[in-house]
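Participant: Quick one, fold the following:
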Amino acid sequence: MKGDIIIRDLKSGDAGWIIRQHGELYARDEGFDITFEALVAEIMADFIRSRDPARDRAFIAARGAERLGCIFCVGKDKRTAKLRLFLVVPEARGHGLGHRLIAACMDWAKAQGYARMELWTHESHQAACALYAAHGWHLVRSEPVQSFGVELVEQSWEIEF
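Facilitator: Presented below is the predicted three-dimensional model:
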């Protein structure tokens, strides 16, 4: 699967796909309500409207016209970038694509001069959390919350370059 997958920047049609995939997969797999899809839509709209190409980047994994995953690097301040909207579709998991996306995002952030990155996730995303740890990220906060219609354990992770 690896050889024919490219990682490219955001283009027309990707935002709708990202919002839909997050909404459908998180509803199916974790019971999230539609407020999660609204959050993803807000993040996407803000990225599209406010993107600074020197500080912000989208990474879309695709095989031909088929989208397989995404990850975003978004500037928080001069020193810090946020990793956002990491997703690999179920049929593409287990082939190293998540590693490729995280590495591409982190490498790009370093090349732009960021000294650190942070991300927000949930404890239930065990595969993603294992990938973050494998790439040197550290869990810095874990807190039970009620979000998106379910009980969750929210987590914050960071890495210094």
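Participant: C-alpha only now, for contacts and for neighbours.
Facilitator: Noted.
Participant: Quick one: residues in contact with the least confident helix or strand in the chain by mean pLDDT.
Facilitator: Least confident helix or strand, the chain: helix 126-134 with a mean of 95, by mean pLDDT, DSSP states H and E. Identification of contacts with helix 126-134 by Cα atoms under 8 Å, 6 or more residues apart in numbering yields 98-99, 102, 123, 138.
Participant: Stretch 93-112 now?
Facilitator: Applying Cα under 8 Å, 6+ apart, the contact partners of stretch 93-112 are 1-2, 7, 54-55, 59, 61, 69-73, 81, 83, 87-88, 117, 128, 131-132, 135, 161.
Participant: residue closest to the middle of this protein?
Facilitator: Phe86 (2.0 Å; Cα atoms, centre = their mean).
Participant: Please report the distance of the closest residue to that one other than its chain neighbours from Ala54.
Facilitator: Spatially, and ignoring its direct neighbours in sequence, Phe86 is nearest to Ile71 (4.2 Å; Cα to Cα, 6 or more residues apart in numbering). Counting by Cα to Cα, to the nearest Å, the gap from Ile71 to Ala54 is 17 Å.
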